[in-house]
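**Student:** using only what follows, build the 3D model:
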Amino acid sequence: MSKLPRRKTPADLRSARWFGPADLRSFGHRSRAMQMGYSPEEWQGRPVIAIINTWSDLNPCHTHLRARAEDVKRGILMAGGFPVELPALSLSESFVKPTTMLYRNMLAMETEELLRSHPVDGAVLLGGCDKTTPGLMLGATSMDLPCIFVPAGPMLRGNWGGKTLGSGSDSWKYWDELRAGKITEKDWLGVEQGIARSHGTCMTMGTASTMTAIAEAVGMVLPGGSSIPAADSSHIRLCSESGRRVVEMVWEDLKPSVIQTRQAFLNAINVAMAMGCSTNAIIHLIAMARRAGHDIGLDDFERASRKVPVIGNVRPTGTTYLMEDFYYAGGIRALMMQMKQHLDLSCLTVSGKALGENIEDAKVYNEDVIRPLSNPIYGEGSLAVLKGNLAPDGCVIKPAAMEQRFLKHAGPAVVFDDYPSMKKAVDDESYPFTPDSVLVLRNAGPQGGPGMPEWGMLPMPKALLKQGYRDMLRISDARMSGTSYGACVLHVAPESYIGGPLALLRTGDIVEVDIAARSINMRVSEEELAARRAAWVPPPARFERGYGWAFTRHIQQANEGCDFDFLRTDFGAPVAEPVIY
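**Tutor:** Model (predicted):
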């Protein structure tokens, strides 16, 4: 376990550069603070703690974070700190188009610069909806001030007609049933009304719950905090406790660079595999680890996948349970206790204690929800990394959440260059799809999407649904929601938009996937591929101005974490503290 540096004194506080000197500029800082009604006694000698809040009126996952910020403030004040709330991009997965992934790095930059440019000594990061967790963490890692992440928490279970509903997963399920003529429009309206019953993130093991659990596994959340439902009163107490703890972290100078070791990220990968995680975990974890200076890549996920089974029985990888059940069963601490042989228990966390100390008294209260390693949901990890001539830099699939007949499959490709043409074809019952067809969508990656939208759970052809089929092999350079399922090959790299091999695939080509061999190939000769490459014409630019223009020039590929190249830790010298004159 890393040793903590010496305790700070009030004179060491970063905020003292703004408020302490007896000069004209600091006079301005103090007088403007007094303009807001604060007295010098409220900030003098006290750590100034930023609350980076991703609340907005258009983010249903974060509806409660305005109130929770007040709970964090209460804790900060109790511990002798001075709280200041700073709003940041909300990134509502439900409403932001074309995709929140287009703006994850913008939130990361905003977080880093909010912390750098203001007189703050530490931070509490309020987020949870899919991209807010990695966005906040990326920015905080680069700034490297003491901070704690507070997850928004999953919403309560959905309900319709006496049936439990899971976010996303049952949306896709019942939409297919409606298209197949198995339920009525009235039924569909009932699902619409009952699937989201409270504030909070998706209550399946989607990207939100995956990433908040990863944040805890890395060591950036107080013990057990990532499992608490948003509507539970324990969530209010978590906020207050986080406020109290971050003040002490400032005095200890306990920063992300001390906590986020390479081994901490390997812990997070193993926990993700055991949880039945979202495929998006790969992209975000690679970006987060590399921002912390560690060369984590697809091979690390592949090694974990081979050794760590899925023991979290939470949908969509699991069969029955949701995050509320997971919390009652013991939550993330209990899951980590069950798999502790796969973890480095000496890693330091924001609690000031090692991971092993944080989980030593954890108990499992329902072994069907959190299984022992001897009785897993799936014998290998949640994700598998495939490589071959169709994806030389890799792609990902979620074997535990698909029909097992596709573990080894070969079939003719049916290729589409854009979503509207693909959607039109799958709704056309006369289109010549077969159960063995391989449905392919390209130009949906980081640059092609743009922003790599969650289109990867390509809709099943209507004709096949009516024949009783509910899965088929699907391939794209897109992502998919963590609440999704099916035999969907995702994140194909390099993407087709920049000339990756997926751009050369044609309808009728045979595509073969072998999960055990971790391979994905198209049966096309090298000579034919060379001829196709010579004839390939790059698609037109997606943006000619603004943020999108900058995005497409600096975004990295999926296997690199989709960070901006200029935000890498090794890109130039560290940014100095702002000058104050």
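**Student:** tell me which helix or strand Ile332 sits in.
**Tutor:** Per DSSP states H and E: Ile332 is located in helix 331-338.
**Student:** so what secondary structure elements neighbour the lengthiest helix in the chain?
**Tutor:** Longest helix in the chain by number of residues (criterion: DSSP state H): helix 233-252. Contact partners of helix 233-252 among helices and strands, from 3 or more CB pairs under 8 Å, 6 or more residues apart in numbering; DSSP states H and E: strand 48-53, helix 65-78, strand 122-127, strand 147-151. Where C-beta positions appear, they are placed from N, C-alpha and C, glycine not excepted.
**Student:** now mean pLDDT, mean neighbour count and distance to Pro540 too, for those, in a markdown table please.
**Tutor:** Listed next are the helices and strands packed on helix 233-252 as a markdown table, based on pLDDT from 0 to 100; neighbours: other CB atoms under 10 Å; distance: least, CB to CB, whole Å:
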| stretch | mean pLDDT | mean neighbour count | distance to Pro540 |
| --- | --- | --- | --- |
| strand 48-53 | 98 | 26 | 37 |
| helix 65-78 | 98 | 20 | 40 |
| strand 122-127 | 98 | 30 | 35 |
| strand 147-151 | 98 | 30 | 40 |
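**Student:** ok, residues contacting the longest helix of the chain?
**Tutor:** 4-5, 7-8, 13, 47, 49, 64, 68-69, 71-81, 83, 121-124, 146-148, 150, 153, 222, 225, 228-229, 350-352 (CB atoms under 8 Å, 6 or more residues apart in numbering).
**Student:** contacting residues for the closest residue to Asp428 other than its chain neighbours?
**Tutor:** Nearest residue to Asp428, sequence neighbours excluded (CB to CB, 6 or more residues apart in numbering): Lys462, at 7.6 Å. Contact analysis of Lys462 by CB under 8 Å, 6+ apart lists 179-180, 426-429.
**Student:** one more pass at 7 Å, please.
**Tutor:** 179, 426-427, 429 (CB atoms under 7 Å, 6 or more residues apart in numbering).
**Student:** ditto for Asp368
**Tutor:** Asp368 neighbours (CB under 7 Å, 6+ apart): Asn313.
**Student:** state whether it is indeed within a helix.
**Tutor:** No - read with DSSP: H, G, I helix; E, B strand; the rest coil, Asp368 is coil and lies in no helix.
**Student:** any idea how far it lies from Glu380?
**Tutor:** Note on Asp368: its distance to Glu380, by CB to CB, to the nearest Å, is 20 Å.
**Student:** same thing with Ser169?
**Tutor:** In this view, Ser169 and Glu380 are 21 Å apart by CB to CB.
**Student:** who has more neighbours, these two?
**Tutor:** A direct count of neighbours by other CB atoms under 10 Å for Ser169 and Glu380 places Ser169 higher, at 26 against 19.
**Student:** what separation do you get for the more buried one and Gly206?
**Tutor:** Counting by CB to CB, the gap from Ser169 to Gly206 is 8 Å.
**Student:** now do the shared contacts for these two.
**Tutor:** Contacts common to Ser169 and Gly206, judged by CB under 7 Å, 6+ apart, are Thr483.
**Student:** so the nearest residue to Ile195 once chain neighbours are set aside bridges to which residues?
**Tutor:** Computed as CB to CB, 6+ apart, the closest residue to Ile195 that is not its neighbour in sequence is Gly158, at 4.1 Å. Counting by DSSP bridges, Gly158 is bridged to Leu165.
**Student:** list the contacts for Gly158?
**Tutor:** Gly158 neighbours (CB under 7 Å, 6+ apart): 164-167, 170, 194-197.
**Student:** of all those residues, which comes closest to Gln338?
**Tutor:** Gly166 (22.5 Å; CB to CB).
**Student:** is it correct that Glu110 is in contact with Leu91?
**Tutor:** No - counting by CB atoms under 7 Å, Glu110 stays clear of Leu91, with 10.5 Å between them.
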